[in-house]
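Novice: just coords:
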Ligand code: 13P
Ligand code: SF4
């Protein structure tokens, strides 16, 4: 089917079925353009719980759709391609976390939202990159288990002064943005600021003017005085930044910073998902029950 026809059919089906299409800031441009709402992990979790619809088409990766399903258990949550998984989320399993809890008995567990439901079920409170510092600061404990992102853990530990016992996970896309990429871009655009996602390596964060989640980048761009920004995160975010800030220039720190799992979603798959009402994301009831508290606590932090 041609692109125009696909969009027409998606619009017809979403109206007929009263479905809502949610998309992450890293989704392909064509998906961001047809979505009812585009946002970061935290904003999408909140939206999923809020929307008055029985059918959500979640355009993102599996842990995000799973989080939506846990927050909205009576809604049907579709992920147009079940292979769209986050490699970082898959770096830690529930039994790894149970092992860590044995190593640090009595310590609280903070899990990045980029984790499976089974890991969340073993967690005290979840966080996203938008509220990780606030979540960790809110705990009275000085030593905390943090999974799975070692880079985010390092950043949060510096910001809060707390000791985080971190799992050795990382996002392969952010890990591949190196200080050399930033230095090159700064030479080419000397007036530009560097904005980096906290999943970046510590030596990249040292070169950043600001450290922000994807949603925070979107909010801060129109408010900022600077006209040029080097963006150290997945390149999908550039679409929205450019669209919403036509007077500013945004450069990718690394053009090859592409999350291929995020890009598995396309218009054809969204159309199929709406038509067939699958693939559906299901979370085993006892796991969902145990994970919900940690996710609920996360969405309460701005
Ligand atoms: P945000 O929560 O900032 O959208 O990040 C999600 C993610 O997967 C980053 O790689
Ligand atoms: Fe996971 Fe990294 Fe892709 Fe985000 S960009 S979904 S952390 S692999």
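Specialist: Looks like it came in fine. Because the structure is a prediction, the values reported are computed rather than measured. Ligands and ions are numbered 1, 2, ... in the order given.
Novice: hmm, stretch 222-231 touching ligand 2?
Specialist: No - using C-beta under 6 Å from any ligand atom, stretch 222-231 stays clear of ligand 2, with a minimum separation of 13.2 Å. Backbone N, C-alpha and C define where each C-beta goes, glycine included.
Novice: not including adjacent chain positions, what is the nearest residue to the residue most central in space within the chain?
Specialist: Geometric centre of the chain, nearest residue: residue 41, 4.0 Å, by C-alpha atoms, centre = their mean. In this structure, residue 41 finds its nearest non-sequential neighbour in residue 128, 4.5 Å apart by C-beta to C-beta, 6 or more residues apart in numbering.
Novice: tell me if I'm right that that neighbour and residue 112 touch.
Specialist: Yes - judged on C-beta atoms under 8 Å, residue 128 makes contact with residue 112 at a distance of 7.3 Å.
Novice: neighbour count: the two, which is higher?
Specialist: Set side by side, residue 128 and residue 112 show more neighbours around residue 112, with 32 against 24, by other C-beta atoms under 10 Å.
Novice: list the contacts for that one?
Specialist: Listed by C-beta atoms under 8 Å, 6 or more residues apart in numbering, the contact set of residue 112 reads 126, 127, 128, 129, 132, 146, 147, 148, 149, 152.
Novice: how much space separates the closest residue to residue 76 other than its chain neighbours from ligand 2?
Specialist: With C-beta to C-beta, 6+ apart as the criterion, residue 76 has its nearest non-adjacent residue at 5.1 Å, and that residue is residue 55. According to C-beta to the nearest ligand atom, to the nearest Å, residue 55 and ligand 2 sit 23 Å apart.
Novice: the stretch 101-250 of the chain: strands as residue ranges?
Specialist: Assigned by DSSP state E, counting those that start in this stretch, the stretch 101-250 of the chain shows strands spanning 108-112, 125-127, 143-147, 163-166, 193-196, 210-211, 228-232, 249-252.
Novice: got a list of contacts for stretch 235-243?
Specialist: With C-beta under 8 Å, 6+ apart, stretch 235-243 has contacts from 24-29, 32, 38, 214, 217-218, 221, 229, 231, 248, 250, 252, 255, 257-259, 262-263.
Novice: give me the buried subset of these.
Specialist: 24-28, 32, 38, 214, 217-218, 221, 229, 231, 250, 252, 257, 259, 262-263 (16 or more other C-beta atoms under 10 Å).
Novice: filter these down to the ones in helices?
Specialist: Counting by DSSP state H, the buried ones among the contacts of stretch 235-243 place 32, 214, 217, 218, 221 in helices.
Novice: need the phi and psi values for the closest residue in space to residue 252 that isn't next to it in sequence.
Specialist: Nearest non-adjacent residue to residue 252, counting by C-beta to C-beta, 6+ apart: residue 235, 4.8 Å away. When read as degrees, to the nearest 10, the backbone of residue 235 gives phi -70, psi -20.
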